[in-house]
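A.B. asks: coords below, sequence missing:
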C-alpha cells in the first residue's frame, strides 16, 4: 500500500502487508492500512518503507520490520541462472517469427475485405475459423463473389449449423469445403436458385458433403425462368383467379402482383418473379 496526497507526483513509501488468510482479511487489511497512512500523513508523520503483519483479532496492521532499500530484501544472484542479455536485434527477429495475432488479423480483414469490425472480430476468435473464411473468400472471389457476402453466410448460416451439430469449422473442413460457400453464393447471385432455396441447398450440402450445384440438380431446385412449365403455371393462376384477371383487365395493373404470388406458390418458390410476371402478361394478353 502506498498513499500520497492529491497533486503530489512522487509516490509515497511502500508498505507490505502479510499474514492474511482470506479474501475478507485482505480487504480489511487494505482498508485499515490505507486509512492509517492517510491519518499519519494528515498529522505530518513520515511513512517509512516497511513490512507490517495483519492482526485479525485486533483488526490492525503491526510493524514487523523496516526496509530502507533493496539490500534489506537480501537479494542474491542465483548461481545456476547466468545473466540473460537480449539484444534489440534478437528481440526484433523473434517478433518477426510470431504468427499473425487475432487483433492484427481482424484489422486486416476490415482493411482487405471490407468487413465490419464485429464480423472481423467474430471470424478471428478461432484461428481455424479465420483460415476457413480466407479459403472460402479465395474460392468465392474467383467466381465474382464479394468477401462480405462470404462473411455473412459463414457468421450466419454456417455458424448456426455448426452450433446445431456441435462441430467446429475445423471439424467440417473436409466435408463442407470452404469453396462450397462461394459456389452457393454464386448460384444465388446468378439467379440459378432463390434465396429461400439457397438455405435449403446450403444445409443439405453442409450435412452430406455434396457440392451445392449437385444438391440443386438432384433436388430440382433450379429457378424456373421460363418455358412451358412456367407458362402452364401462369395459365393455372389465371384460370383460378378470375377476379384478379378482371381487375387487371379493367386497368388495375397492380392485380398482377397477386397472380405472381400464386405462380410463386405453385412453383414452391422456384420461379423467377420477373419471369413469372412476364409469363402472366403474355397469357393475360390472350384472354
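C.D. replies: Okay, I see it. All values reported here derive from a predicted model rather than from experimental measurement. Numbering: from 1, shown residues only.
A.B. asks: avg pLDDT for the longest helix that the chain contains?
C.D. replies: Assignment by DSSP state H gives helix 23-42 as the longest helix of the chain. For helix 23-42, mean pLDDT is 96.
A.B. asks: again with stretch 155-174
C.D. replies: Averaged across stretch 155-174, pLDDT comes to 96.
A.B. asks: now swap in stretch 134-151 and tell me
C.D. replies: Averaged across stretch 134-151, pLDDT comes to 94.
A.B. asks: Could you do stretch 268-283 as well?
C.D. replies: The average of the pLDDT scores along stretch 268-283 is 84.
A.B. asks: Go through that stretch and flag the buried ones.
C.D. replies: Of the residues in stretch 268-283, 269, 270, 271, 272, 275, 276, 277, 278, 279, 280, 283 count as buried by neighbour count, 16 or more other CB atoms under 10 Å. For the C-beta atoms, the positions are set from N, CA and C on the backbone; glycine is no exception.
A.B. asks: What residue, apart from its backbone neighbours, is nearest residue 1 spatially?
C.D. replies: Distance criterion CB to CB, 6 or more residues apart in numbering; nearest residue to residue 1, sequence neighbours excluded, is residue 33 at 4.5 Å.
A.B. asks: Look at the one you found and say how many residues are nearby.
C.D. replies: Using other CB atoms under 10 Å, residue 33 has 20 other residues around it.
A.B. asks: That one touches residue 15, doesn't it?
C.D. replies: Yes: using CB atoms under 8 Å as the test, residue 33 is close enough to residue 15 to be in contact (6.3 Å).
A.B. asks: tell me the secondary structure for residue 20?
C.D. replies: Three-state call for residue 20 (DSSP: H, G, I helix; E, B strand; the rest coil): coil.
A.B. asks: give me every residue that touches it.
C.D. replies: The contact partners of residue 20, by CB atoms under 8 Å, 6 or more residues apart in numbering, come to 26, 29, 54.
A.B. asks: In terms of secondary structure, what does the longest helix of the chain contact?
C.D. replies: Judged by 3 or more CB pairs under 8 Å, 6 or more residues apart in numbering; DSSP states H and E, helix 23-42 is in contact with strand 15-18, strand 50-55, strand 60-66.
A.B. asks: Could you say which one of these comes nearest to residue 100?
C.D. replies: Proximity to residue 100 (CB to CB) singles out strand 15-18 among the helices and strands packed on helix 23-42, at 41.7 Å.
A.B. asks: Count the residues that sit near the closest residue to residue 255 other than its chain neighbours.
C.D. replies: Counting by CB to CB, 6+ apart, residue 247 is the residue found nearest to residue 255 once chain neighbours are left out, at 3.9 Å. Look at residue 247: counted by other CB under 10 Å, it has 17 neighbours.
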